[in-house]
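[1] pasted the sequence and its predicted model underneath.
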Amino acid sequence: MSAKNIPSSVPVCSSIDEKNEEYQEAQNEQRPFLAVVDDDDLPGWQAIYVMDTTGEGRENWYYLTDEGVEMVEKHRSSSENHLEHDSWTANCSDIRGELHGLAKGDAEYLADKFAEVVWDEDYWKKVTLREVFQGNY
């Protein structure tokens, strides 16, 4: 996998359609999806990453290493104090991480912190399709 397809900055999506377009582009380029999203159904802005887009059409997928998960989770948890009312949290994993309910600037900051890990191949581990489907990775 080569980082040549990694965008120069985290996309900011003001609609679900824009998010879906960015997700499809990441999938087509077989790179992690990462974006700042304004979802009308949820409070505030969201910073999100998804690693599943790295493996479409490939023999292997790439997920975050344990060290990478630890780093993105640290960034996510430190951003929780900026959440808007009625927001919720969930831990980051090797496949996906997100935080809803942020002001746009806070979501952009968190997404940039996610990008330092998610777009760095040093924090990726190769996972075979067999391991993914059997849950053995």
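    Nice, I can see it. Quick caveat, the model's predicted, so the values are computed rather than measured.

[2] right, and Thr128 touches Asn60 too?
    Yes - between Thr128 and Asn60 there is a contact under Cβ atoms under 8 Å: 5.6 Å. Bear in mind the C-beta positions are built from the backbone N, C-alpha and C, glycine included.

[3] how close does Arg31 sit to Asp40?
    Between Arg31 and Asp40 the computed distance is 27 Å (Cβ to Cβ, to the nearest Å).

[4] those two: which has the busier surroundings?
    Using other Cβ atoms under 10 Å, the more surrounded residue of Arg31 and Asp40 is Arg31, with 22 against 7.

[5] just for the chain, where's the confidence low?
    By pLDDT under 70, the low-scoring segments of the chain are 1-4, 56-59, 85, 88, 135-137.

[6] what segments of it are helices?
    Using DSSP state H, the helices assigned to the chain run over residues 16-29, 66-79, 104-118, 129-134.

[7] which one of the ones you listed is the most hemmed in?
    helix 104-118 (a mean of 20; mean count of other Cβ atoms under 10 Å).

[8] re earlier: let's have the helices of the chain in TSV, adding distance to Val10.
    Below are the helices of the chain laid out as TSV (distance: least, Cβ to Cβ, whole Å):
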stretch	distance to Val10
helix 16-29	10
helix 66-79	13
helix 104-118	4
helix 129-134	26
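
[9] contacts only, for the residue nearest the centre of the chain.
    In the chain, the C-alpha nearest the mean C-alpha coordinate belongs to Tyr49, at 0.7 Å (Cα atoms, centre = their mean). Taking Cβ atoms under 8 Å, 6 or more residues apart in numbering as the criterion, Tyr49 is in contact with Pro32, Phe33, Leu34, Val72, Arg96, Gly97, Glu98, Ala111, Phe114, Val118.
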